[in-house]
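Visitor: Sequence first, predicted coordinates after that:
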Amino acid sequence: MSPRSVTAEVKPELLIWARETAGLEVTEVARRLSKIDKWERGDARPTVSQLETLSDLYKRPLAAFFLPAPPQEPPLPTDFRVLPGDEPHSLSRRVRLAMRRARRIQRIDTELSQELGIRSESHLPRFRVSDSPENRGASVRSLLGISLEQQLGWPTDRDAFNVWRAAVEALGVLVLQLSIPVREARGFSLSDGPKPTIVVSSSDAVPARIFTLFHELGHLLLNMSGVCTPDLRSEVTANVEQFCNALSAAVLVPLSTLRTRHDLLNLDGSPGEADERLASAARTFKVSRYVVLRRLLTGQHITLQLFRRIMTRWEREDANQPRRQQGGPVKPAVQTVAQLGTHFVSLVLDAHSRNTITSSDVSDYLSLRLKHLPAVQSLIAAQAHG
């Protein structure tokens, strides 16, 4: 008899825990393993081979199924996509796996920093929901040390995201870009754990990622982890989400600067002319046109009636737009640095160069085949000298 065909002595509660924390229903797992319901009831046991399939499906090490009891794990971030009294959304497998990956990167970052003798501390002030988003937005810009002149000089949205990201990471925050379906969440934040962490969806448009970056930073400043879909199109949101939206907009588009854009202070012309002015301002600030329009309303430069009229037109246009195709394949090294950030990748490379971790560890921590490691090292070196 093959060792893999031997029955595995696993507890049903561990099978249930592994499935539920992977965001899967019994019916979904049953498409591959029809006896899953019997295993979870304790009426039958899987073979080692079948358990290996579950291990791969749930993204859990095989050893996890032989623990004496389900382990205690950090709670999921609060779902701020719903209002009080509403039913929370069910987090999908992809979102849950992204959260687990972010938690693991948090732990690795802390462990490597300690082993290398690097002080890894967050330098975040504490905000309250009752604070003024405008005042706090100005203080965040000051904390980041990025002037308006710098912002307006960035050539592309991607350049803007990269510089904002580096400035946020300099405060002791991990910023990751992971695969999250935008229809479920544009990002989430982890204020607990060894290091405050922000995750934005790599599937989102870059200006939207920039807005989400500061929305989630707002959650960290409030010391409130959250799963969010930052959206300035909605007029009614929960207090926390409202604050984080307003803070993000205030950081990215200071009202004092917006007032100097005289072309934006009169949008009563033709819809096409108004849209072009708003799109031009959005390109200048490296934000979406929704952010610019909302800031005009916040600054009382347009009426609520005009705001709603333009929003209705845009939403109608967006609904009729064909779905944008994703770009072509991305080189593994570029994808690794984009996902995990310069800080974390550099930390792993540093640990490897000091023989603190093995090449196998590097491959595991970066989710990268070792043949691509020289390209990653070149990218990091180029950024350090850029």
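Guide: Cool, the structure landed. Residues are numbered from 1 along each chain as shown.
Visitor: And L124, how close does it get to A274?
Guide: L124 sits 38 Å away from A274, going by CB to CB, to the nearest Å. Bear in mind the C-beta positions are built from the backbone N, C-alpha and C, glycine included.
Visitor: Name the residue in those two with the higher neighbour count.
Guide: Per other CB atoms under 10 Å, whichever of L124 and A274 has more neighbours is A274, with 21 against 18.
Visitor: For the more buried one, identify the helix or strand it belongs to.
Guide: Using DSSP states H and E, A274 sits in helix 271-285.
Visitor: and that helix, which residues are buried?
Guide: Judged by neighbour count using 16 or more other CB atoms under 10 Å, the buried positions of helix 271-285 are 274-275, 277-278, 281-282, 285.
Visitor: what's the average pLDDT for stretch 36-43?
Guide: Across stretch 36-43, pLDDT averages out at 93.
Visitor: To clarify, my last question referred to stretch 151-167.
Guide: For stretch 151-167, mean pLDDT rounds to 96.
Visitor: Same question for stretch 94-109.
Guide: Mean per-residue pLDDT for stretch 94-109: 94.
Visitor: Need the CA coordinates for that stretch. PDB is fine.
Guide: The C-alpha trace of stretch 94-109 is given here as PDB (Å, rounded to 0.1, in the frame of the first residue of the first chain):
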ATOM      1  CA  ARG A  94      -9.000  35.500  -2.800                       C
ATOM      2  CA  VAL A  95      -9.500  38.200  -0.200                       C
ATOM      3  CA  ARG A  96      -8.900  35.900   2.700                       C
ATOM      4  CA  LEU A  97      -5.800  34.500   1.100                       C
ATOM      5  CA  ALA A  98      -4.500  38.000   0.500                       C
ATOM      6  CA  MET A  99      -5.100  38.800   4.200                       C
ATOM      7  CA  ARG A 100      -3.300  35.700   5.200                       C
ATOM      8  CA  ARG A 101      -0.400  36.500   2.900                       C
ATOM      9  CA  ALA A 102      -0.200  40.100   4.300                       C
ATOM     10  CA  ARG A 103      -0.200  38.700   7.900                       C
ATOM     11  CA  ARG A 104       2.700  36.400   7.000                       C
ATOM     12  CA  ILE A 105       4.700  39.200   5.400                       C
ATOM     13  CA  GLN A 106       4.100  41.300   8.600                       C
ATOM     14  CA  ARG A 107       5.700  38.500  10.600                       C
ATOM     15  CA  ILE A 108       8.600  37.900   8.300                       C
ATOM     16  CA  ASP A 109       9.400  41.600   8.200                       C
END
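Visitor: list the buried ones in that stretch?
Guide: So stretch 94-109, judged by 16+ other CB under 10 Å, has buried residues 95-103, 105-106, 108-109.
Visitor: just to revisit the earlier point, now the helix holding A274, how far from the centre of its chain.
Guide: Relative to its chain's centre, helix 271-285 lies at 27 Å (CA atoms, centre = their mean, to the nearest Å).
Visitor: Can you tell me what sits against stretch 371-386?
Guide: 331-334, 336-337, 342, 345-346, 349, 359, 362-363, 366, 368 (CB atoms under 8 Å, 6 or more residues apart in numbering).
Visitor: quick check, nearest of those to I310?
Guide: When the contacts of stretch 371-386 are ranked by distance to I310 (CB to CB), V334 comes first, at 37.1 Å.
Visitor: In contact with the closest one: list those residues for me.
Guide: With contact set as CB under 8 Å, 6+ apart, V334 has these partners: L379.
Visitor: just the strands in the protein please.
Guide: Secondary structure of the chain, counting by DSSP state E: strands at 78-79, 174-178, 187-190, 197-201, 226-228.
Visitor: Where does pLDDT dip in the protein?
Guide: Residue ranges of the chain with pLDDT under 70: 1-4, 80-89, 232-238, 322-328, 386.
Visitor: follow-up on the earlier one: among the strands of the chain, which is the most enclosed?
Guide: Most buried of these, by mean neighbour count (mean count of other CB atoms under 10 Å): strand 187-190, with a mean of 28.
Visitor: re the thing from before, dump the buried residues of stretch 94-109 to CSV, plus distance to I146.
Guide: CSV is the format used below for these (distance: CB to CB, whole Å):
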residue, distance to I146
V95, 30
R96, 34
L97, 33
A98, 28
M99, 29
R100, 32
R101, 29
A102, 25
R103, 29
I105, 25
Q106, 25
I108, 28
D109, 24
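Visitor: Among those residues, which lie within helices?
Guide: Filtering these for membership in helices, criterion DSSP state H, returns 95-103, 105-106, 108-109.
Visitor: doesn't S367 make contact with D361?
Guide: No: applying CB atoms under 8 Å as the test, D361 and S367 come out as separate, 11.9 Å apart.
Visitor: Just give the number of residues close to V168.
Guide: V168 is flanked by 24 other residues according to other CB under 10 Å.
Visitor: Let me fix that, I meant to ask about T21.
Guide: 20.
Visitor: show me the contacts for the nearest residue to T7 once chain neighbours are set aside.
Guide: Nearest in space to T7, with sequence neighbours left out and distances taken as CB to CB, 6 or more residues apart in numbering, is R45 at 4.8 Å. Neighbour list for R45: 7-10, 39 [criterion: CB under 8 Å, 6+ apart].
Visitor: Make TSV out of these and add neighbour count.
Guide: Listed next are those as TSV, based on neighbours: other CB atoms under 10 Å:
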residue	neighbour count
T7	12
A8	18
E9	8
V10	20
W39	22
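Visitor: Tell me which two of those residues sit farthest apart.
Guide: Of all pairs in these, the most separated under CB to CB is E9 and W39 at 11.8 Å.
Visitor: Please identify the nearest residue in space to S5, excluding sequence neighbours.
Guide: Sequence neighbours aside, T47 is the residue nearest to S5 in space, at 5.2 Å (criterion: CB to CB, 6+ apart).
Visitor: so what's the one you found up against?
Guide: Counting by CB under 8 Å, 6+ apart, T47 makes contact with 4-8.
Visitor: gap between it and T257?
Guide: Distance, T47 to T257, using CB to CB: 65 Å.
Visitor: now A351
Guide: 42 Å.
Visitor: Looking at the two, which is more packed in?
Guide: Shown here are A351 and T257; by other CB under 10 Å, A351 has more neighbours (22 against 15).
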